[in-house]
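[1] sequence first, predicted coordinates after that:
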Amino acid sequence: MEHELVDIEPCTDNCARLLEAGEHIALMVSPGNPYFSVSRLAILFQWAAQEIKHVDIVVSDLQMTEATYLARGLMDNEARKKARADVRQMASRIRRARQAAGDPDLRVSEFEDWTDNPEYRRAHAYVQHAMQDPAYRALCRQGTRDAAKARMPAAWQPTEQHITKGLIHTEKALPFAINAVGILGASQTVTAYSRPAAQFTYFFTQDSAFRAFPGQGYIGVRAREQEGKAPSDRKG
């Protein structure tokens, strides 16, 4: 499989093999993350539609997006207001990116749409069990801390309460990282985000106490910029 449109960072050799099989991919997208512009989304959609049989786009829901801002110390009302605006903006970006990519055959949903799915519930219970392990829970909290600090002043630090509120984003996304194959009814699949996160790659490491479900892979995928090939985000 050629990757002229994107740069791929497989978590393991097996994840690379699952991607090469080209059966299914679940692309995770986060409202409020400036990386996910219309132009980059269009490139990702175009690549996925060309190379992979079945494509799902799974978008962070309102609760998850709000949690991101709570982790940065925003008050509840302000975090909810900003999250609502971000979710609306991302829906617009996805529509325009899809058009720019030639209206490919892909399914768009939010994480919240799957929370009653039996395979989601099974994976979520497994995630909660993993989080009872002190070492893994510390890894998750560090990941939330790093994400919260990413767009804040250098000297700013989240409180432990901020981190606890922000953890909901990871808790809701993790089932798709470790069991999208079951949740989405695929024979095998890879879940993808812009960059691999340690609290996700943990489940694909050979000596980890908790492992991803059979047939599941995880990769980082980033669009290669192509100036003039896709619309800007001015109307985002």
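    All right, it came through fine. Numbers count the residues shown, from 1 in each chain.

[2] what's the burial count for residue 161?
    Counted with other Cβ atoms under 10 Å, residues neighbouring residue 161 total 11. In this view, the C-beta of every residue, glycine as well, is placed from N, C-alpha and C.

[3] could you look up the SS state of it?
    Judged by DSSP: H, G, I helix; E, B strand; the rest coil, the three-state class of residue 161 is helix.

[4] that one and residue 80: what is the separation?
    Computed as Cβ to Cβ, to the nearest Å, the residue 161 to residue 80 distance reads 17 Å.

[5] show me where pLDDT drops low in this structure?
    Within the chain, the ranges that satisfy pLDDT under 70 run 1-3, 226-236.

[6] tell me how far the residue positioned nearest the centre of the chain lies from residue 179.
    Closest residue to the average C-alpha location of the chain: residue 28 at 3.2 Å, with Cα atoms, centre = their mean. Between residue 28 and residue 179 the distance is 13 Å, computed by Cβ to Cβ.

[7] now do the contacts for the residue nearest to residue 67 when sequence neighbours are not counted.
    Leaving out its chain neighbours, the residue that sits closest to residue 67 by Cβ to Cβ, 6 or more residues apart in numbering is residue 168, at 4.2 Å. Residues near residue 168 by Cβ atoms under 8 Å, 6 or more residues apart in numbering: 63-64, 67.

[8] okay, and residue 168 sits in which element?
    Per DSSP states H and E: residue 168 is located in helix 160-183.
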